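Asker: Turn this into a structure:
(chains A, B, C and D)
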Number of protein chains: 4
Amino acid sequence: MKNTFGHDLAVTIFGESHGPAVGVVLDGLAPGIAVDDSFIRSQLALRRPFGSVSTARREADGFQIVSGVYNGYTTGTPLCIMIPNIDIQSDDYTKNRSLARPGHADYAAYCKYHGYEDYRGGGHFSGRITAAVVAAGAIVISALSKKGILIGTHIKSCGGVVDTEFADIPSDIIELNSKQFAVLDDEKGALMRQAIEDAASDGDSVGGVLETAVCGLPAGLGEPWFDTVEGLLAHALFSIPAVKGVQFGAGFDLADSRGSLFNDSFFMEEGQVKTASNNNGGVNGGLTNGMPLLFRCAVKPTPSISKKQLTVDFINGKDVTVSLSGRHDPAIVHRARVVVDSITALVVGDLLTERFGLDYLGGV
Amino acid sequence: MKNTFGHDLAVTIFGESHGPAVGVVLDGLAPGIAVDDSFIRSQLALRRPFGSVSTARREADGFQIVSGVYNGYTTGTPLCIMIPNIDIQSDDYTKNRSLARPGHADYAAYCKYHGYEDYRGGGHFSGRITAAVVAAGAIVISALSKKGILIGTHIKSCGGVVDTEFADIPSDIIELNSKQFAVLDDEKGALMRQAIEDAASDGDSVGGVLETAVCGLPAGLGEPWFDTVEGLLAHALFSIPAVKGVQFGAGFDLADSRGSLFNDSFFMEEGQVKTASNNNGGVNGGLTNGMPLLFRCAVKPTPSISKKQLTVDFINGKDVTVSLSGRHDPAIVHRARVVVDSITALVVGDLLTERFGLDYLGGV
Amino acid sequence: MKNTFGHDLAVTIFGESHGPAVGVVLDGLAPGIAVDDSFIRSQLALRRPFGSVSTARREADGFQIVSGVYNGYTTGTPLCIMIPNIDIQSDDYTKNRSLARPGHADYAAYCKYHGYEDYRGGGHFSGRITAAVVAAGAIVISALSKKGILIGTHIKSCGGVVDTEFADIPSDIIELNSKQFAVLDDEKGALMRQAIEDAASDGDSVGGVLETAVCGLPAGLGEPWFDTVEGLLAHALFSIPAVKGVQFGAGFDLADSRGSLFNDSFFMEEGQVKTASNNNGGVNGGLTNGMPLLFRCAVKPTPSISKKQLTVDFINGKDVTVSLSGRHDPAIVHRARVVVDSITALVVGDLLTERFGLDYLGGV
Amino acid sequence: MKNTFGHDLAVTIFGESHGPAVGVVLDGLAPGIAVDDSFIRSQLALRRPFGSVSTARREADGFQIVSGVYNGYTTGTPLCIMIPNIDIQSDDYTKNRSLARPGHADYAAYCKYHGYEDYRGGGHFSGRITAAVVAAGAIVISALSKKGILIGTHIKSCGGVVDTEFADIPSDIIELNSKQFAVLDDEKGALMRQAIEDAASDGDSVGGVLETAVCGLPAGLGEPWFDTVEGLLAHALFSIPAVKGVQFGAGFDLADSRGSLFNDSFFMEEGQVKTASNNNGGVNGGLTNGMPLLFRCAVKPTPSISKKQLTVDFINGKDVTVSLSGRHDPAIVHRARVVVDSITALVVGDLLTERFGLDYLGGV
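Answerer: This next block holds a predicted model:
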């Protein structure tokens, strides 16, 4: 299905960084979901570059709902959102057309598309596409919250600085979702921002790790094979440019340990089955177990840096050096966080729709 | 699609641990792939329990090709392989029917299937299913090797012991594929086996990390969004029971570092574009870049341990303790390695078939 | 997806006419559907050749449920049914290996599979595969009937003889499902059987038209685009070898007429919206409208006839004549009827599962 | 997948009749297909209402390519086309909000979407959506023609007037594609137009039958089960509002005849396998056989008529009469013909891409 993801709630994306617009089609949304334009705007704002930790390209991110909403509610038919591209400076890119920017898809895309690709600003590979995903995700996030399902992400680590752990997940999520720079401990956040600025002044960039929690999910979502909750989420999350790893619960951290440590003991609390630890990240055998879903994404450092790098001119087949001079993000981990939330909402929305039927997330 | 995975080469699995058989249907295989029963058998042997590092359950893994092969070659129509279940001892499980074995899917499955699930031996959640996947994968591995595409996995770490790094990947893969216990450094392998035996004698288990390399792939496979090489592989790999994390290249290890370190410099070598490092694991922007695909799976410790654990009787809603007495693996990381290879082959086979058409992997 | 069909309830088929078995995997079945072996057997019996109107090949159609059923109920995990092939006589076919039997897929298959296809008895193209579909369909038919949804098919015409029209659809369906030769008017049935026998004694065959009704469906199933009820059903029904046309309601018969005639007037009856006629076959805009679903399949005459025919030897590229001497059906329209019912059940089951969720058809 | 269709070349549609725009996303297009805006415009012109045989609503059908085209060629990434809605008069519809227009989806949509649907002008059920499909289809039709694959449709019958048969298919197709009113015999066309005008002056409408031919296809496309050429085409064609039947070759016409008549004899001609007749419509066993693909669609009379009709107010649950006063087509069969061509092109493009790989239809 390529640029479409999801079974019962499917998302299709389109657009290039320097084309007229980027956009998304959501299909399978329940009818009757209230669509709140101001919430979509606020979610887009969380993704937008800001302050000294981001690129100087500032998109207005004005969005247009082209279909699927009538009188403020989803109709149940495909919902298309377009986000026009406005602040475009293609000159920076066209002169580097045959250079393989290290860490970027230029060369791989050339091999796949034989030179027909729109390479300006990364084209369809640009993080710009994620704006459309955030707009679409906002609608699903709203619908999920009415069902008591909350999604939140913090910057677990960035530039060598580590945030504190989730404590009370529901209230932590609410707090995180009110912050532009999503950390649980703002002092750690200040240090992270300093690390990003330091990298920027070195003509360099930094990456980090995002940790996401989802609470309020019923037990039993997902499938034992292939369409595990982990597999579906990872499939979608790896679309986010820069994500190079996904782990659930203790993942790689405790893989090497013993079963008696990794296993999460079950116990009863007020008639509910719970686990004492959550090393399995809320998933057993591919299915949700009723505990919060907990996972991390490794977000590599932004590949666009102004430092001089060795690379190739892949059209002329020769070694060259490159120093990228455009407007770049010294880090995107803080901007990617709302993209992770949005993609998580789309996957969770799909799982719930498949399990409980078309109307589950809607107004009836 | 649930228990089906793949677009142009699709795999559907079925079966329960204690039912008559487990099996798999492969659809979209090119006609004319030679099917070598002895290679299927040898791949199944790599997965089978052995020595003191595995369960005492010893399956014959006799397989029957039910369809899709004629005169020793794939026909191009769906290929079904069945593996009968023979050495079954269900008594061990039925007495624990309402106990949530920690780390297992019992409780989550009960929530999803309302008690109708075949819980014996984990039912459809059992690692037993992977035998069918290995048999199917063997056919694709054979076809890929004729195209110069090699897949190999080593135990990167287990029980605190770390294997050496890949050096010359093609020859490393050949060496690994000849070993029952897949490590690059056999001395490290001996220490790992000791660690597994130690855990076993403690009534405990250990996990580890598998690292896989694929060489010989053309650049440009995969899609920029959703069907990235990373996303497709992760989707499928998370099906393997116990896999809790997937990372490509440096993944989590260098996420927190700087772009100038993470980026892989390109250079020309004999007219080929290569990278000096491979922190991106052979994938840029979701597409293969011509370097070896390189990824790791976190394999949690086997959840079945004989040590006493706290848990719940989820039918009667009360806390209990459990000490599992069946035949269990003190580690599965060494057995899972061939499952990772098999799933990787299926995903790579799908990508190649989609890109180059139905006949690409076949005899014409 | 090729040999897999369905979204939330998916069916995958496999097998060749002269291989070890044909089979089917159903994925997405609700847990807790009672599986009645005797009903499966009786459905298979409706498909089996009988009397002088069918082939002399008599299959026992013994089936084995390989997975997905435990203690007599569906588990919710993939359900595989195998039907071994027993009464095989391949000699009749191998001698004609390079002959394109007119009306058959021999030549087209050779072009697709480059000669690797299992051509014996039509291989994967054989109507034999439909036995597996009937077995799978039986389980869904049972589940639907518990929801008040009934499916029945009669031979609308065969050999120039036309059956009467549906009158009281629910009771007509019950009556039809008790008959081996499904006609509403048994006198017409006797004439049809005579026409079939006449064709047989001429070394020829006849075709016909099947008409199917489904009652008890809620209004609003289906999608406006692509996954219309009509499109989904037609997609699946054209799989039945010999089906060459599908129409809903008045279809081709009144296409050429006027809107004032074709439109079905709505009226209220006991608080229910109904239509006075059913020229739209229970579907408006791709969605069910609450009236019985009503459609017809054109079933071409069996292509295997013993009469001498002109054709080609496609391997040697020359014109030849052929007179097929194997065991052939002089008509399959009466056998195909239960296949149509089964496929209809699978499609309807998929639509209901998608709309109302995983548990809808099940025991909870 | 609902509003998405296709495997390797997938089309997703969105939009409502009276919303800002209708549109389509094509995913899986080969890179390097020349995109000719004037051909897209000319295809849209074939669909547009004209003269006295169509509605008075006259859309400019200005289209915008939002993504997937760069420097006049497809890039290989998702191609989105938007067609703004301009000439909108919603007042005609809103006053009838609770009336079930006979033959329309109003009531079925209300049941599915619980009243949240955008009912203006039929909303997402409107034939207006087909404009986007035609624009997308034009790009694929261009690419196919470069491969020697031609698609053409004539009005086989309309208002009781029957067109002549295809004679020399390739030249017939070229002729048909140059005509606004697609008949092989223009005298018959004049009679059909008279019949349409007669219906219009009676406040009524007429339907008809479209017959389509595709030549230049290789033998062996399609699958034996489920994804038969017939099933895939029918699935997509039934999306066209008003299509109520699809048949291949002789379909219903000869279903009732004998095998010796229906079977198409094979013969060799200049080294090519051909058939003497084409009752199977170019498809054997679900696969193309190298002969022209030949099929018919039953197009019911336009349901919107100004004649008084009985119907219900489905919100208030009472019988009413309705006389539709908006701008309606007295027939759409002549406009639907280019929609059939477009959908056929999308399905054929998908089959070819799947069989021969991503680059097949492109510029490399």
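
Asker: Helix or strand: which one has residue A:334?
Answerer: Assigned by DSSP states H and E, residue A:334 belongs to helix A:333-356.

Asker: From the chain's centroid, how far away is that helix?
Answerer: Distance of helix A:333-356 from its chain centroid, counting by Cα atoms, centre = their mean, to the nearest Å, is 8 Å.

Asker: what's the answer for stretch A:265-281, then?
Answerer: With Cα atoms, centre = their mean as the basis, stretch A:265-281 stands 28 Å off its chain's centre.

Asker: And stretch A:221-230, by the same measure?
Answerer: 20 Å.

Asker: Please spell out the segments of the stretch 51-200 of chain A that come in under the pLDDT threshold.
Answerer: Low-confidence segments of the stretch 51-200 of chain A (pLDDT under 70): A:55-60, A:87-94.

Asker: Let me know the secondary structure of the closest residue to chain C within it.
Answerer: Chain C sits closest to residue A:77 of the stretch 51-200 of chain A, with a gap of 6.7 Å, by Cβ to the nearest Cβ. The way it works is simple: take the backbone N, C-alpha and C, and place the C-beta from them, glycine included. Assigned by DSSP: H, G, I helix; E, B strand; the rest coil, the conformation of residue A:77 is coil.

Asker: and it, what is it in contact with?
Answerer: Going by Cβ atoms under 8 Å, 6 or more residues apart in numbering or on different chains, residue A:77 touches A:67, A:68, C:224, D:3, D:14, D:16, D:113, D:117, D:118, D:123, D:124.

Asker: ok, 6 Å please
Answerer: A:68, D:124 (Cβ atoms under 6 Å, 6 or more residues apart in numbering or on different chains).

Asker: Up against chain C, what does chain A have?
Answerer: A:355, A:356, A:357, A:358 (Cβ under 6 Å from any Cβ of the partner chain).

Asker: Buried by neighbour count, from those residues: which ones?
Answerer: Among the residues of chain A next to chain C, those buried by neighbour count (16 or more other Cβ atoms under 10 Å in any protein chain shown) are A:355, A:356, A:357, A:358.

Asker: Tell me how far the residue lying closest to the last one once chain neighbours are set aside lies from residue C:218.
Answerer: Think residue A:358. Nearest residue to residue A:358, sequence neighbours excluded (Cβ to Cβ, 6 or more residues apart in numbering or on different chains): residue C:355, at 5.3 Å. The gap separating residue C:355 from residue C:218 is 8 Å, by Cβ to Cβ, to the nearest Å.

Asker: Next: residue A:303.
Answerer: Distance, residue A:303 to residue C:218, using Cβ to Cβ: 52 Å.

Asker: Same check on residue A:260?
Answerer: Distance, residue A:260 to residue C:218, by Cβ to Cβ: 52 Å.

Asker: Pick out whichever of these two has more residues nearby.
Answerer: residue A:260 (20 against 15; other Cβ atoms under 10 Å in any protein chain shown).

Asker: Surely the more buried one and residue B:206 touch.
Answerer: No: counting by Cβ atoms under 6 Å, residue A:260 stays clear of residue B:206, with 10.1 Å between them.

Asker: just checking, residue A:123 touches residue A:16?
Answerer: Yes: the criterion here is Cβ under 6 Å, and residue A:123 meets it with residue A:16 at 4.5 Å.

Asker: now what about the helix or strand hosting residue A:319, what contacts it?
Answerer: Secondary structure from DSSP H and E places residue A:319 in strand A:318-322. The contact list for strand A:318-322, computed with Cβ under 6 Å, 6+ apart, reads A:99, A:308, A:309, A:310, A:311, A:312, A:313, B:267, B:268.

Asker: of all the residues in chain A, which ones are close to chain D?
Answerer: A:2-4, A:12, A:14-16, A:19-21, A:25, A:27-28, A:31-32, A:66-67, A:70, A:73, A:75-78, A:80, A:113-114, A:116-118, A:124, A:364.

Asker: residue contacts, the residue of the stretch 151-300 of chain A found nearest chain D?
Answerer: Distances between the stretch 151-300 of chain A and chain D by Cβ to the nearest Cβ are smallest at residue A:239, namely 13.1 Å. Counting by Cβ under 6 Å, 6+ apart, residue A:239 touches B:225, B:226, B:228, B:231.
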